[in-house]
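>>> Would you be able to build a 3D model of this:
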Amino acid sequence: MPFALYVDVHVPMAVTEALQRRGLDVLTSQDDGTATVDDERLLARAAGLGRVLFSQDQDFLRIAAQWQHQGRPFPGVLFAPQRGVSLGGLADDLVLLLTCCDPEELRDRVTYLPLR
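This is a model prediction of the structure:
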């Protein structure tokens with residue numbers, strides 16, 4: 001069963017729209033009214049909603065590591081660099097993860113994209 005994704009402002013809208021066109025459960029920080037919220041609060045918001053966070057903001061790598069060290073649970077962080085990745089390939093990888101992974105496989109960890 002596909003899991004719910006929370007997408008921050010650093011992800012190009014083309015990626016988000018590609019996921020939404022495929023009928024996947026994607027909520028953007030813009031749609032949630034949290035586009036200007038600091039990163040730690042954004043991860044807390046995604047966790048509170050039970051959604052895995054997808055970002056291209058490296059700050060989330062540090063925040064997720066802190067939460068892991070502190071034992072603070074979160075549904076997971078998916079991270080892709082801002083350079084050197086194709087938007088179509090990124091969308092394809094996200095579709096694969098959203099439809100094939102069990103949410104427990106992502107819990108409390110960072111998953112790096114692209115997958116290949």
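
>>> Against Ala64, how distant is the residue with the largest distance to the centre of the chain?
For the chain, the residue at maximal distance from the C-alpha centroid (CA atoms, centre = their mean) is Gln70, at 20.4 Å. In this view, Gln70 and Ala64 are 11 Å apart by CB to CB, to the nearest Å. In this view, the C-beta of every residue, glycine as well, is placed from N, C-alpha and C.

>>> what separates the spatially most central residue of the chain from Gly71, distance-wise?
Residue closest to the average C-alpha location in the chain (CA atoms, centre = their mean): Phe54, at 1.5 Å. For Phe54, the distance to Gly71 (CB to CB) stands at 23 Å.

>>> Check Arg116 too.
Arg116 is 32 Å from Gly71, by CB to CB.

>>> thinking again about what came up before, mind checking the SS state of the residue nearest to the centre of the chain?
Recorded secondary structure, Phe54: strand (DSSP: H, G, I helix; E, B strand; the rest coil).

>>> swap in Thr111?
Thr111 falls in the strand class when you classify it by three-state DSSP.

>>> What's opposite it in the beta bridge?
Leu78 (DSSP bridges).

>>> For Phe60, give me its contacts.
By CB atoms under 8 Å, 6 or more residues apart in numbering, the contact set of Phe60 is Asp8, Asp39, Leu43, Leu53, Val77, Phe79, Val110.
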